[in-house]
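Chemist: Give the three-dimensional model of this entry:
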Amino acid sequence: MAVLAASMKSVNSGLRPLDERRDLSSVADLIEMCFSDAMDPEGRRYIRELRLNARTAGFWQVLGAFAEPNMMAYAGYVWEEGDHLVGNISLFPFQTQGRRCFLIANVAVHPDFRGRGIGRALTSAGINYARGQNVHAVWLQVRDDNGPAVHIYQSLGFQERARRTTWQVRGEHSVYRLAATNGVKIVPRTVAHWPQQQEWLKRLYPRELSWHLPVDWKALEPGFSGKLYRLLNFNFPRNWVIERAGALQGVLTWQRSLGHTDNLWLATPVNVDEIALRELLADTRRQIPTHRIARLNFPAANASTALLEAGYEVGNTLLWMEYPLRV
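Modeler: Numbers count the residues shown, from 1 in each chain. Alright, predicted model coming up:
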């Protein structure tokens, strides 16, 4: 197959705003091609939804005319060469701690056109658009092993705020249960554990980063109000507590999702007891579904020894980067 760049015409080339009525299908094709090797079931579902939106874009544009004028809408930019769409950037509005922000996502450039500054131009356009919307900041996520992209974002003024690793595991009934030693034991969670668990969770899943995660804080609460909430919302997470000599060392929560993967939330102190945590992580694999994948989003490099020894696998590590617009 001939290189795409060789067939391009020089006319009608360059940056322009996304047109949802005619671009979404091509954007889906581009994203799928650029990220197919790393695309998980959730990513493939997103591509299907994008294609569905492409077929109904006209309807949603008409509906959008009746939206509140102060609502932030989905936005994006594309790069064209001739009649071909070869670059894309998406901007998604969100709020965190009462601050209006944009998330840059789906930065994709066709392989035949990389190294020409298209990714930089798309990102700059996204920043300028956000600046005109009077938001506090622009955020993005990028894989830590994508050096060229990280360099571009740093040179544009993005600052690294956090590194998060996604771990994944399947339940396994035949997992060897590690022998409890030195007073280490797994016990049911009680109301007395919640204040410490909540404090650890807030540190490990800060609101400025966890807005995109399906953390239902109310569903995690013990006691009558939490039980009533779970019953009304049909949300029934399970909790396991690890103690050493009576001292709380960690809490693991499993939560079923409607998607392809379930969610795990891990609460630990700053100084992690790796042996105790390994016990918790290995033993709970015997009690979670074996036919589904469970994922844990956690600060990079934290508790990695215990996670690996318990059979967890690294999915990817993402850098959270911020471009501040307002103090």
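Chemist: give me the low-pLDDT residue ranges for the protein?
Modeler: By pLDDT under 70, the low-scoring segments of the chain are 1-13, 57-74, 175-181, 327.
Chemist: To what extent is Leu281 buried, counted in neighbours?
Modeler: If you count neighbours by other CB atoms under 10 Å, Leu281 ends up with 28. Placement of C-beta: from N, CA and C, glycine included.
Chemist: Now it: closest residue in space, sequence neighbours ignored.
Modeler: Leaving aside its chain neighbours, Leu281 sits nearest to Ala310 (3.5 Å; criterion: CB to CB, 6 or more residues apart in numbering).
Chemist: quick one: the one you found and Ala282 touch, right?
Modeler: Yes: taking contacts as CB atoms under 8 Å, Ala310 lies within contact range of Ala282: 4.2 Å.
Chemist: need the contact list for the residue nearest to Leu281.
Modeler: Residues in contact with Ala310, defined by CB atoms under 8 Å, 6 or more residues apart in numbering, are 169, 278, 281-282, 285.
Chemist: redo that, cut-off 6 Å
Modeler: Contacts for Ala310 (CB atoms under 6 Å, 6 or more residues apart in numbering) come out as 278, 281-282.
Chemist: if we take the residues you listed, which one ends up nearest to Gln133?
Modeler: Checking those against Gln133 by CB to CB gives Leu281 as the nearest, at 42.5 Å.
Chemist: Distance-wise, check that closest one relative to Pro299.
Modeler: Leu281 sits 16 Å away from Pro299, going by CB to CB, to the nearest Å.
Chemist: From what I see, Gln141 and Thr317 are in contact.
Modeler: No: between Gln141 and Thr317 there is no contact under CB atoms under 6 Å: 10.3 Å.
Chemist: picking that back up, could I get the contacts of Ala310 as CSV with secondary structure and distance to Pro17?
Modeler: Formatted as CSV, the contacts of Ala310 follow (DSSP: H, G, I helix; E, B strand; the rest coil; distance: CB to CB, whole Å):
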residue, secondary structure, distance to Pro17
Arg278, helix, 51
Leu281, helix, 47
Ala282, helix, 51
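Chemist: Could you dump those residues into a markdown table and include distance to Ala294?
Modeler: Shown next, in a markdown table, are those (distance: CB to CB, whole Å):
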| residue | distance to Ala294 |
| --- | --- |
| Arg278 | 17 |
| Leu281 | 11 |
| Ala282 | 14 |
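Chemist: Quickly name whichever of those is closest to Glu160.
Modeler: Closest approach between these and Glu160, by CB to CB: Leu281, at 27.6 Å.
Chemist: Return the residues in contact with Ser36.
Modeler: For Ser36, no residue meets the contact criterion (CB under 6 Å, 6+ apart).
Chemist: just the one 5 residues further on next, same as before
Modeler: If you count contacts by CB under 6 Å, 6+ apart, Pro41 has them with His260.
Chemist: What segments of the protein are strands?
Modeler: 14-17, 75-81, 84-96, 99-109, 137-143, 159-170, 184-187, 238-244, 247-255, 261-267, 293-299, 313-324 (DSSP state E).
Chemist: Any idea which of those strands gets closest to Leu232?
Modeler: For Leu232, the closest of these is strand 247-255, at 16.1 Å, according to CB to CB.
Chemist: Who are the contact partners of the closest residue to Arg51 other than its chain neighbours?
Modeler: If you skip the residues right next to it in sequence, Arg51 has Ala28 as its closest partner in space, 5.1 Å away by CB to CB, 6+ apart. The contact partners of Ala28, by CB under 6 Å, 6+ apart, come to 47, 50-51.
Chemist: Please repeat the previous calculation with a cut-off of 10 Å.
Modeler: By CB atoms under 10 Å, 6 or more residues apart in numbering, Ala28 lies in contact with 46-54, 88, 106.
Chemist: ranking the residues you listed by neighbours, who comes first?
Modeler: Asn88 (27 neighbours).
Chemist: That residue contacts Glu32, doesn't it?
Modeler: No: contact criterion CB atoms under 10 Å: Asn88 and Glu32 do not qualify, at 11.4 Å.
Chemist: what is in contact with the two at once?
Modeler: Common neighbours of Asn88 and Glu32 are listed as Ala108 (criterion: CB under 10 Å, 6+ apart).
Chemist: Show me how far stretch 218-237 is from its chain's centre.
Modeler: Averaged C-alpha coordinates place stretch 218-237 at 24 Å from its chain's average position (CA atoms, centre = their mean, to the nearest Å).
Chemist: C-alpha coordinates for it, PDB please?
Modeler: What follows is stretch 218-237 as a C-alpha-only set of coordinates in PDB (Å, rounded to 0.1, in the frame of the first residue of the first chain):
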ATOM      1  CA  LYS A 218     -21.500   7.200  49.500                       C
ATOM      2  CA  ALA A 219     -21.600   3.500  48.500                       C
ATOM      3  CA  LEU A 220     -18.500   2.900  50.500                       C
ATOM      4  CA  GLU A 221     -19.800   4.300  53.800                       C
ATOM      5  CA  PRO A 222     -20.700   1.800  56.500                       C
ATOM      6  CA  GLY A 223     -23.700   2.100  58.800                       C
ATOM      7  CA  PHE A 224     -27.400   2.500  58.200                       C
ATOM      8  CA  SER A 225     -27.200   5.400  55.700                       C
ATOM      9  CA  GLY A 226     -24.600   3.700  53.600                       C
ATOM     10  CA  LYS A 227     -26.600   0.400  53.600                       C
ATOM     11  CA  LEU A 228     -29.800   2.200  52.600                       C
ATOM     12  CA  TYR A 229     -28.000   4.100  49.800                       C
ATOM     13  CA  ARG A 230     -26.600   0.800  48.500                       C
ATOM     14  CA  LEU A 231     -30.000  -0.900  48.600                       C
ATOM     15  CA  LEU A 232     -31.700   2.000  46.700                       C
ATOM     16  CA  ASN A 233     -28.900   2.100  44.100                       C
ATOM     17  CA  PHE A 234     -28.400  -1.700  43.800                       C
ATOM     18  CA  ASN A 235     -24.700  -1.100  44.500                       C
ATOM     19  CA  PHE A 236     -23.100  -3.700  46.800                       C
ATOM     20  CA  PRO A 237     -19.300  -3.300  47.100                       C
END
